[in-house]
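**Student:** Make a model of this:
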Amino acid sequence: MVKFAACQYAIALFDDWVAYAADQESLAAEAAAQGAQLLLLPEYSAMALTGLLPQAERGDLHKSIAGIQPLIPRWLDLCETIARRHGVWFCPGSAPVLDADGKFRNRAFLFGPDGALGHQDKIIMTRFEREQWFIAAGGEGLRTFETPFGRLGILICYDNEFPMLARRLAEEGVDLVLAPSCTDTEAGYHRVRIGAQARALENQFAVLVSPTAGRAPWSRAVDENFGRAGLYVPADYGMPPDGVFAQSEEVFTAASRWLFGEIDLARVAALRREGQVALYRDWPEQFAV
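**Tutor:** All right, here's what the predicted structure looks like:
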């Protein structure tokens, strides 16, 4: 059993690092106070750091991601401190990170009560990332993370729309996929949500989505944000008939809000053996057609 908190996260503008760090700590403390063991923030949540840059930099698409690079280590230290202090598993979402080869990659991180567990890069880039922002695809493959409540994988936003990525995680024994997302239209939100539900159905596991939400007009990268936080499961025995285990009410909000819930991932995994259907088992049969 795991108590989760998925954030519908507003990219807010802060005056300085102290204000930003205090907001992150307050947000995590709120979730921990509700008993949450697993906290998820969205894709590009770290773009809130661009608000600490001079106005000319934070309003420029390329200068903004270059400008926050010196802040990334400090951000990671903050995230690790939060996870340790509250004794939680914390995915603070993703950041554009400059690698040694001179390329930026969209990287999500995971921390536990004992410190850093690792990271997962986005595998497939959207048109915006490829053609305008010049974010490179991750080349390290897919990773899994062991926790007391189940094995986790991370698929960042667009990656949830590609079935074979989720299938690989399923074959690695993943019980829950964390899906941090950032979409600037309602259509984008629905693509991610439909993808997350389809991956949960096909692989008979759970998918937890945390989106950015609201407006940040001072940022060219994350100025418009739509999305609902949600947990999606197979539509089968003991689960909601529509596969929506939990979901926030609105696709747009001006302030960060948590979606709380509790789920037994072992019950979801049991559907692979005992469900009305056996999609995970029968998956290979489609390739014979």
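**Student:** Run through the residues that contact Gly230.
**Tutor:** Ala6, Arg193, Ala196, Leu208, Val209, Val244, Phe245, Ala246, Gln247, Ser248, Leu259 (C-beta atoms under 8 Å, 6 or more residues apart in numbering). Bear in mind the C-beta positions are built from the backbone N, C-alpha and C, glycine included.
**Student:** can you rerun that using 7 Å?
**Tutor:** Counting by C-beta atoms under 7 Å, 6 or more residues apart in numbering, Gly230 touches Arg193, Val209, Val244, Ala246, Gln247, Ser248, Leu259.
**Student:** Wait, a strand at the second one?
**Tutor:** Read that as Val209. Yes. Assessed by DSSP: H, G, I helix; E, B strand; the rest coil, Val209 belongs to a strand.
**Student:** could the contacts of Gly230 be laid out in TSV, adding distance to Tyr232?
**Tutor:** TSV is the format used below for the contacts of Gly230 (distance: C-beta to C-beta, whole Å):
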residue	distance to Tyr232
Arg193	8
Val209	7
Val244	6
Ala246	9
Gln247	8
Ser248	13
Leu259	12
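**Student:** out of those residues, who's nearest Ala95?
**Tutor:** Val209 (18.4 Å; C-beta to C-beta).
**Student:** For Pro54, see how far away that closest one is.
**Tutor:** Separation of Val209 from Pro54 (C-beta to C-beta, to the nearest Å): 33 Å.
**Student:** Over to Gln120?
**Tutor:** For Gln120, the distance to Pro54 equals 31 Å [C-beta to C-beta].
**Student:** who's more crowded, the two?
**Tutor:** Gln120 (27 against 10; other C-beta atoms under 10 Å).
**Student:** What's opposite that one in the beta bridge?
**Tutor:** When assigned by DSSP bridges, Gln120 has beta-bridge partners Ala108.
**Student:** Run through the residues that contact it.
**Tutor:** For Gln120, the contact set (C-beta under 7 Å, 6+ apart) comprises Ala108, Arg143, Ile154.
**Student:** could the residues you listed be laid out in TSV, adding pLDDT, distance to Gly214 and neighbour count?
**Tutor:** Below are the contacts of Gln120 laid out as TSV (pLDDT from 0 to 100; distance: C-beta to C-beta, whole Å; neighbours: other C-beta atoms under 10 Å):
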residue	pLDDT	distance to Gly214	neighbour count
Ala108	98	20	29
Arg143	98	30	16
Ile154	98	23	28
